[in-house]
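Chemist: Let's see this in three dimensions:
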Amino acid sequence: MTTTTLAALVPLLPFLGAAAGLLLGRAAPGFVRPLAVLPTLAALALAALVAARQGGGRAVDAATELTPTGSVPVELALHIDGFAALVAVLVGCVAACVQIYSIGYLRDDPRYPSYAALVSLFTSAMLLVVYSGDLMVLLVGWEVMGICSYFLVGHYWETPEARAASLKAFLVTKLGDVPFLIGLFALATDAGSFRITRILGAVASGSLDHPTVIALLLLAGVAGKSAQFPLHTWLPDAMAGPTPVSALIHAATMVAAGVYFVARLLPLFEASRAAMTVLAVMAAITMTGSALAALAQDDIKRVLAYSTIGQLGYMTGALAAGDRGAAVFHLLTHGAFKALLFLAAGAVIHAAGTNSLAAMSRLRDLRARVPDAYWTMTVALLALAAIPPFSGFFSKESVLGAAEHVATGHTAHAPAAAGWTVLVAGLVTALLTAAYATRLWLLAFRGRGTEAPDHGRQPLSMTLVLWVLALPSLALGGLAFRVLPDWFDGQDLTPALTTSVLGTGVALTGGIVAYAAWRHTTALAARVPLGAVAAHPDADAGQVEAEAIATHAPAYGNVAYAPDPADPGRLLLGPLHRHAAVGFHLDAVYTALFVRPVQAGARLVRFLDREVVDTYVRGAGALPRWLGAAVRRAQTGNVQTYVSALLAGTVVLAVAAVLVATGA
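Modeler: Down below sits the predicted model:
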């Protein structure tokens, strides 16, 4: 079987699994779990085989025209280089882990069949984005992921938080998709094709007429899909969905799509120095702002959500420095440890009965209830904080190294100002990342107070997945910088001394400062036990999480803000804490600038429709009705009345005739 055929089967298998799962979910429920897991595992195996055959060598290209369009052709095309091959393996691995984990996590959920089918469809759409060599076909996968995220984030639709979060995720990403679509059409018009290889050829020959405009339009879609400032506000609220969905969205699909798209077309963005500068500024604001917000969050999943936004900022920062190898390297390592963080958080939420870190800090021996989640989450947090030798250290150092090369003039892929912007923001974010990672670990696992509820051992499917993901979180970075250069255009990924020392130094400083703040706050604050959400010991984790979301509304709704006095984040941020906890009021700004004017306009349109347009419509119907009523009253059915009227009319006509004759 050829490599092209194998690659075509990779996105097709999860799609067929999704279709079969939706058709057989009710008729044959026993087939739901195999249909969720086996096609995804098969897709992972085929993706690994495609990667082995591609081997980091020459890109695999194949195309067939779908139908004559009369202008720019749309082709069903594959373009598989080293980046695509590795990202497809990541998507397949994380998706398979999520499906296996969900078997135990949502074992009693009545909507599991539709959930599993949507996860498979989500996976298929992302794999289509990864392998596609035609931008219009890529757009199909791009939009399918958007609708899948809407349904999956709103899985617990009984809660208003989930309904609002799913709608917000859909609308905010669509806000970016509109200029993105315009940019795609403008790009195809300039290049004469939607094929990625031909577009890159047009960029290399300098035949694009409007590279800056096109790049900025495309960046709007990237900002929405990859949750970058200013279109990042949907991602923290999307935590109202099940935790495995969060792992899939954050680690390998949806938010990774925007970064991957820019990496695919990086020469296009490099053709515009303005676009590279905008990309660098966007990355810097996203990194630092999200890290500050993560340090102030009480909900464990929202901490991880803001963490994802910040790590995506690192990736876009690497792209702003013109280094797609560093960006995709961090995409791979982040996919492993972020999936592990979310899935371990699901086990912790199940054990604690709440999403609240403040509530967890009042539970004793929580780490003893979930030892597997405790150890694997510790590994993932160390990788997130970029502590050597964990994987996050190597990939984050490659980003800082790329920025340092641009800043010092060793490479001319981007303006020096962009390099300095990314480098400074990256170091500040490294400090804050280590601080909020340490805070999360201390509050979740070093609590003092009442005994943590005992929900029994976690299902084997959940525990096994945690340890599988712990291996790449620990070792992927150390192996990758030796093995992956062939896949990354021969680029050397060996850590540089300067950025390694700086990055590790600020990370250790952040962790130590957060620990000192935690010791200080726990010594001063009264440790009042806070009961967790009451849950039956036999309840599945999804049910516990749904109850936790419903009772922990401050994480998702516009409610009064009440910080925990024992929170080290409050001590570290000081007066900034209140603003960081609500995302620096960006949602309130959008409400004032966009939501309220749109609502006012809608009220005006409704008034005009009801009071003006409907008035004319009602009047047009009332006049014939009144005339009909008058005529109806004249139809009495009495012959004497009719004769009297006839005689009266005759008299009137006679008088009128006499008057006319006399006047003549």
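Chemist: What helix or strand is residue 396 located in?
Modeler: Take DSSP states H and E as the rule and residue 396 turns out to sit in helix 391-407.
Chemist: Look at the nearest residue to residue 438 once chain neighbours are set aside and say how many residues are nearby.
Modeler: When the adjacent residues along the chain are set aside, residue 438 lies closest to residue 514, with 4.0 Å between them (Cβ to Cβ, 6 or more residues apart in numbering). Where you see a C-beta, it was placed from the backbone N, CA and C, and this is true even at glycine. Neighbour count for residue 514, taken as other Cβ atoms under 10 Å: 26.
Chemist: wait, what's in contact with residue 514?
Modeler: 434-436, 438-439, 442, 568, 572 (Cβ atoms under 8 Å, 6 or more residues apart in numbering).
Chemist: Recalculate using a threshold of 7 Å.
Modeler: 435, 438-439, 568, 572 (Cβ atoms under 7 Å, 6 or more residues apart in numbering).
Chemist: Kindly report the same for residue 160.
Modeler: So residue 160 contacts nothing (Cβ under 7 Å, 6+ apart).
Chemist: Distance of it relative to residue 500?
Modeler: From residue 160 across to residue 500, the span is 47 Å (Cβ to Cβ, to the nearest Å).
Chemist: re earlier: which strands or helices does the helix holding residue 396 pack on?
Modeler: Helices and strands touching helix 391-407, by 3 or more Cβ pairs under 7 Å, 6 or more residues apart in numbering; DSSP states H and E, are helix 300-320, helix 324-352, helix 371-384, helix 416-445, helix 460-483, helix 497-524.
Chemist: need those in JSON lines with mean pLDDT, can you?
Modeler: Shown next, in JSON lines, are these (pLDDT from 0 to 100):
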{"stretch": "helix 300-320", "mean pLDDT": "95"}
{"stretch": "helix 324-352", "mean pLDDT": "93"}
{"stretch": "helix 371-384", "mean pLDDT": "95"}
{"stretch": "helix 416-445", "mean pLDDT": "95"}
{"stretch": "helix 460-483", "mean pLDDT": "85"}
{"stretch": "helix 497-524", "mean pLDDT": "92"}
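Chemist: In JSON lines: these, plus distance to residue 173.
Modeler: Converted to JSON lines, these look like this (distance: least, Cβ to Cβ, whole Å):
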{"stretch": "helix 300-320", "distance to residue 173": "14"}
{"stretch": "helix 324-352", "distance to residue 173": "19"}
{"stretch": "helix 371-384", "distance to residue 173": "25"}
{"stretch": "helix 416-445", "distance to residue 173": "24"}
{"stretch": "helix 460-483", "distance to residue 173": "26"}
{"stretch": "helix 497-524", "distance to residue 173": "31"}
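Chemist: out of these, which comes closest to residue 645?
Modeler: helix 300-320 (83.0 Å; Cβ to Cβ).
Chemist: contacting residues for the spatially most central residue of the chain?
Modeler: Most central in the chain under Cα atoms, centre = their mean is residue 255, positioned 4.6 Å from the mean C-alpha point. Contacts for residue 255 were tallied using Cβ under 7 Å, 6+ apart; they are 225-227, 235, 249, 308, 312.
Chemist: do residue 478 as well
Modeler: Contacts for residue 478 (Cβ under 7 Å, 6+ apart) come out as 389, 394.
Chemist: Likewise for residue 75?
Modeler: 63-66, 134, 195.
Chemist: Now do the strands in the protein.
Modeler: Under the criterion DSSP state E, the chain contains strands at 60-67, 74-80, 363-364, 450-451.
Chemist: Looking at those strands, which is nearest to residue 3?
Modeler: It is, among the strands of the chain and with distance given as Cβ to Cβ, strand 60-67, at 5.4 Å.
Chemist: Direction included, what does the closest one pair against?
Modeler: With DSSP bridges as the test, strand 60-67 is paired with strand 74-80 (antiparallel).
Chemist: chain center to the partner strand: distance?
Modeler: 25 Å (Cα atoms, centre = their mean, to the nearest Å).
Chemist: Quick check: buried residues in that strand?
Modeler: Going by neighbour count (16 or more other Cβ atoms under 10 Å), the buried part of strand 74-80 is 74-75, 77-80.
Chemist: Any idea how far stretch 160-176 is from the middle of the chain?
Modeler: 10 Å.
Chemist: and if you look at stretch 157-168?
Modeler: How far stretch 157-168 lies from its chain's middle: 15 Å, per Cα atoms, centre = their mean.
Chemist: Also stretch 571-590?
Modeler: Distance, stretch centre to chain centre, for stretch 571-590: 21 Å (Cα atoms, centre = their mean).
Chemist: Ok, stretch 569-581 next?
Modeler: Here stretch 569-581 is found 25 Å from its chain centre; the criterion is Cα atoms, centre = their mean.
Chemist: Format the CA atom coordinates belonging to it as CSV.
Modeler: Output of stretch 569-581 as CSV, limited to C-alpha atoms (Å, rounded to 0.1, in the frame of the first residue of the first chain):
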residue,chain,number,x,y,z
GLY,A,569,-1.5,33.9,44.1
ARG,A,570,-3.3,36.7,45.9
LEU,A,571,-0.1,37.6,47.9
LEU,A,572,2.1,37.5,44.8
LEU,A,573,-0.2,39.6,42.6
GLY,A,574,-1.4,42.0,45.2
PRO,A,575,-3.9,44.5,43.9
LEU,A,576,-3.6,43.0,40.4
HIS,A,577,-5.1,39.7,41.6
ARG,A,578,-8.7,40.9,41.4
HIS,A,579,-8.3,42.0,37.8
ALA,A,580,-6.3,39.0,36.7
ALA,A,581,-8.9,36.6,38.2
